[in-house]
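K.L.:
Predicted structure and sequence below. I'll ask about it afterward.
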Amino acid sequence: MSELRLSSEKRLRIFSGRGYPELAEQVAEELGIPVTPTSAYDFANGEIFVRFEESVRGSDAFVIQSHAAPVNKQIMEQLIMVDALKRASAKRITVVAPFYGYARQDKKHRGREPISARLMADLFKTAGADRLMVVDLHTSQIQGFFDGPVDHLFALPILTNYVGSKVDRNELTIVSPDSGRVRVAERWSDLLGGCPIAFIHKTRDPRIPNESVTGRVVGEVKGRTCVVIDDMIDTAGTISKAVDALMEAGAKSVIIAATHAVLSGPAIERLKACKATEVVVTDTLPIAEDKRWDGLTVLSIAPLLARAIREVFEDGSVTSLFDGHS
């Protein structure tokens, strides 16, 4: 009788691009498995080569790559990894992109513009991805761009638990930096016991094209601790102006809370210069030491990603992770 045994058991494998290997290592550690060894390098002309050092046939593959700068290189490398897995007969391929590139280009504002967020989804599908896993998309409609399951994870519980442990909830007001984030502010309020919300009414100065001007504060903020929320901090222009407007309106103190710390250009200087007492973000993107300061708090996203990956691997419920808040 042959000693060979056929097994239908799925194999969970974690793969990491070169953009943010530390996050993949943390996720793998949470899951109690190693990151699958991968060889990757750039040719002299910038083309990317990837090869996996172990067999991936029949595996349930999760390819982790956050689209950090340089964004286009990280996206291309992840696409190439997905293609390599498809051609190596992986059973199922899930693209894990904690920060999904081009998410702000999710619709046409004017004629002759691309919808790049849709193009991204098409590229991953064409490469061979069966599933996407992302954290706090710029807009939820992007889920509909991918022809397959999308696990949209929320950093909301991580951020609210931290803020709620630091601040007296009776003195707290949740502030949206514009009217577009009011729904998210309401979810913050629900998780923090129904504290009041406010938003910044933005206008546009006709003398300054393509630049918003922070207007009046709508809501009760005087004498209160305000938490300004957003999905990402890029150049920090909007959010630093929001802090200034809140302090002028009589807020006692202001905390900034966001999921993605893009921190481009003058962001660090603006955040340090504004009157926020603390900036709270998650580590969906790598934050270099020279971009950290005493007022910055970075919360780990790895446990959330690991729990979601385990639920997908075991055919469980990702929605259950958020207790109905997804």
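P.N.:
Yep, that arrived.
K.L.:
those helices in the stretch 101-250 of the chain, which residues are they?
P.N.:
116-127, 156-166, 182-191, 237-248 (DSSP state H, counting those that start in this stretch).
K.L.:
List the buried residues in the third one.
P.N.:
If I follow you right, that is helix 182-191. By 16 or more other Cβ atoms under 10 Å, the buried positions in helix 182-191 come out as 182, 184-185, 187-189, 191. All C-beta spots, glycine's among them, are computed from the backbone N, C-alpha and C.
K.L.:
quick one: which of those residues is nearest to residue 125?
P.N.:
Distance to residue 125, by Cβ to Cβ, is smallest for residue 184 among the buried residues of helix 182-191, at 27.9 Å.
K.L.:
so that closest one touches residue 229, yeah?
P.N.:
Yes. At 6.2 Å, residue 184 and residue 229 qualify as touching, with contact defined as Cβ atoms under 8 Å.
K.L.:
Quick check: neighbours shared by these two?
P.N.:
residue 176 (Cβ atoms under 8 Å, 6 or more residues apart in numbering).
K.L.:
excluding its backbone neighbours, what's nearest residue 232?
P.N.:
Distances taken as Cβ to Cβ, 6 or more residues apart in numbering put residue 260 closest to residue 232, at 3.8 Å, once the chain neighbours are dropped.
K.L.:
OK, contacts around residue 307?
P.N.:
Residue 307 neighbours (Cβ under 8 Å, 6+ apart): 30, 321.
K.L.:
the bottom helix or strand of the protein by mean pLDDT?
P.N.:
Within the chain, no helix or strand scores below strand 212-218, which has a mean of 73 by mean pLDDT, DSSP states H and E.
K.L.:
give me the low-pLDDT residue ranges for the stretch 101-250 of the chain?
P.N.:
203-214 (pLDDT under 70).
K.L.:
give me that answer again for 80
P.N.:
Within the stretch 101-250 of the chain, the set of residues satisfying pLDDT under 80 comprises 179-180, 202-215.
K.L.:
The closest residue to residue 107 other than its chain neighbours: neighbouring residues, count only.
P.N.:
Leaving aside its chain neighbours, residue 107 sits nearest to residue 115 (6.3 Å; criterion: Cβ to Cβ, 6+ apart). Per other Cβ atoms under 10 Å, the neighbour tally for residue 115 reads 15.
K.L.:
Verify the contact between residue 115 and residue 105 for me.
P.N.:
Yes. Here residue 115 reaches residue 105: they are 6.4 Å apart, a contact under Cβ under 8 Å.
K.L.:
ok, back up a step: for residue 61, find the nearest of the helices of the stretch 101-250 of the chain.
P.N.:
helix 116-127 (12.4 Å).
K.L.:
which outside residues touch the closest one?
P.N.:
With Cβ under 8 Å, 6+ apart as the criterion, helix 116-127 contacts 75, 78-80, 82-83, 86, 95, 100-106, 132, 138, 142, 145-148.
K.L.:
So residue 58 sits against residue 91, correct?
P.N.:
Yes. Residue 58 lies in contact with residue 91 (Cβ under 8 Å); the separation is 4.9 Å.
K.L.:
Please, where are all the strands along the stretch 1-150 of the chain?
P.N.:
11-16, 38-42, 48-52, 59-64, 92-97, 131-135, 150-153 (DSSP state E, counting those that start in this stretch).
K.L.:
swap in the stretch 151-300 of the chain?
P.N.:
For the stretch 151-300 of the chain, the strands defined by DSSP E, counting those that start in this stretch occupy 172-176, 197-204, 212-218, 225-233, 253-261, 278-282, 296-299.
K.L.:
What lies in contact with the shortest one?
P.N.:
Contacts of strand 296-299 from elsewhere in the structure, counted by Cβ under 8 Å, 6+ apart, are 155, 158-159, 162, 261, 271, 278-283, 287, 292.
K.L.:
Let's test this: mean pLDDT of that strand, rounded?
P.N.:
When pLDDT is averaged over strand 296-299, the result is 98.
K.L.:
got the angle between the next helix or strand after that strand and strand 131-135?
P.N.:
Elements were assigned by DSSP states H and E; along the chain past strand 296-299, the next helix or strand is helix 302-313. If you take axes from the mean of the first three to the mean of the last three Cα atoms, to 10 degrees, helix 302-313 sits at 160 degrees to strand 131-135.
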